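Engineer: sequence? don't have it. structure:
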Ligand SMILES: Cc1cc2nc3c(=O)[nH]c(=O)nc-3n(C[C@H](O)[C@H](O)[C@H](O)COP(=O)(O)OP(=O)(O)OC[C@H]3O[C@@H](n4cnc5c(N)ncnc54)[C@H](O)[C@@H]3O)c2cc1C
């Protein structure tokens with residue numbers, strides 16, 4: 001299928017993009033890498049009357065690290081995230097997760113801001129942002145505002161952005177020296193959207209998880225922090241305590257059913273990921289071998 005007719009305008013600056021969004025309101029859509037918007041338009045899931053192309057706004061591109069803060073411009077492509085030495089050093093979780101996004105052709109055009117604004121519940125980046133305690137920087141006619149990632153995702157393809165706001169950047173704390181991360185997902189094929197995934201960040205000291213932010217994706221309409229993981233923090237993790245955490249996780253999750261998996265299958269996969277996560281973070285392979293749900 002082909003998209004319905006639309007008018008196209010290329011923004012000349014961030015200010016100009018916002019003016020265009022204010023002028024056209026809900027009838028307009030921002031075009032970044034086009035890797036989600038164009039398929040949705042071609043399938044007639046979306047039919048905006050105006051396309052505001054921000055693709056050439058170089059001020060929205062780039063990665064910087066300063067004073068313990070990592071800032072990533074909205075137009076930074078997935079491929080740039082993957083190849084960034086700064087992110088490899090200061091946000092290794094993001095780099096690992098990005099390798100699971102689609103294929104090189106899509107990663108060469110798709111942007112981190114587009115991925116977050118699109119807010120697909122099976123996407124890797126939203127869950128990573130919640131795990132990393134990131135802040136989403138939005139700019140609109142009233143100026144700039146900062147939205148914690150925990151409050152940014154509001155439902156399937158729904159965010160806290162208004163129709164006249166542009167996502168301009170993402171800010172996150174640089175990884176502490178004693179922090180570790182885990183990323184895992186189950187997908188039917190490499191590059192497919194995940195059936196279930198888990199992004200986690202932890203501080204590990206003396207074989208204990210002293211802090212743990214474990215966030216699932218693909219199990220809800222938005223990234224879902226695992227409350228059950230809290231029972232593994234600041235204690236010796238044993239097969240018995242892990243088993244209790246898995247039971248609590250099973251009760252906490254109420255995953256949807258679709259063509260890929262039913263709720264019970266998703267719950268099972270989520271438990272497997274939590275076992276792998278604890279095992280990897282604590283570097284204890286026996287937990288993985290013995291703690292299968
Ligand atoms: C075959 C295929 C497989 C894929 N697999 C995966 C996968 O496994 N995991 C995954 O996460 N993604 C996957 N994607 C999607 C890909 O990651 C997209 O790049 C991403 O979701 C959207 O980024 P984009 O820059 O292309 O945004 P666009 O498609 O241009 O825009 C997406 C949405 O966000 C809005 N938007 C974009 N930028 C901004 C901004 N700065 N401010 C406000 N609104 C904005 C647009 O208006 C639109 O509504 C896949 C895509 C394809 C085609």
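Structural biologist: Nice, thanks for sending it over. Only a predicted model underlies this, so the values are computations on that prediction, with no experimental measurement involved.
Engineer: Please parse the protein into its domains.
Structural biologist: With domains defined by automatic domain parsing, the chain comprises 7-53, 58-172, 182-290.
Engineer: which one of the ones you listed lies closest to the ligand?
Structural biologist: Judged by C-beta to the nearest ligand atom, the one of the domains of the chain that comes nearest to the ligand is domain 58-172, at 2.0 Å. To be clear about C-beta, it is placed using only N, CA and C from the backbone, and glycine gets the same treatment.
Engineer: by contact count, what packs against the lengthiest helix in the chain?
Structural biologist: What stands out as the longest helix in the chain, according to DSSP state H, is helix 263-281. Packing contacts for helix 263-281, counted by 3 or more C-beta pairs under 8 Å, 6 or more residues apart in numbering; DSSP states H and E, involve strand 179-186, strand 196-205, strand 208-217, helix 239-252, helix 285-290.
Engineer: Would you agree residue 79 falls within a helix?
Structural biologist: Yes: assigned with DSSP: H, G, I helix; E, B strand; the rest coil, residue 79 falls within a helix.
Engineer: mind checking how far it is from residue 60?
Structural biologist: Per C-beta to C-beta, to the nearest Å, residue 79 is found 16 Å from residue 60.
Engineer: more crowded one of the two?
Structural biologist: Each of residue 79 and residue 60 has its neighbours counted (other C-beta atoms under 10 Å); residue 60 has more, 23 against 18.
Engineer: quick one: that one and residue 74 touch, right?
Structural biologist: Yes: with contact defined as C-beta atoms under 8 Å, residue 60 and residue 74 form a contacting pair (4.9 Å).
Engineer: Please enumerate the shared neighbours of these two.
Structural biologist: By C-beta atoms under 8 Å, 6 or more residues apart in numbering, residue 60 and residue 74 have these common neighbours: 113, 168, 169.
Engineer: Now, these that are in strands?
Structural biologist: Mapping the shared contacts of residue 60 and residue 74 onto strands (DSSP state E) picks out 168, 169.
Engineer: when you check the ligand, which of the shared contacts of residue 60 and residue 74 turn up near it?
Structural biologist: With C-beta under 6 Å from any ligand atom as the criterion, the members of the shared contacts of residue 60 and residue 74 in contact with the ligand are residue 113.
Engineer: how about TSV for the shared contacts of residue 60 and residue 74, with distance to residue 287 and neighbour count added?
Structural biologist: Formatted as TSV, the shared contacts of residue 60 and residue 74 follow (distance: C-beta to C-beta, whole Å; neighbours: other C-beta atoms under 10 Å):
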residue	distance to residue 287	neighbour count
113	37	28
168	41	23
169	38	23
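Engineer: any chance of the helices and strands packed on helix 263-281 in CSV, with mean neighbour count too?
Structural biologist: Output for the helices and strands packed on helix 263-281, formatted as CSV (neighbours: other C-beta atoms under 10 Å):
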stretch, mean neighbour count
strand 179-186, 21
strand 196-205, 24
strand 208-217, 22
helix 239-252, 16
helix 285-290, 14
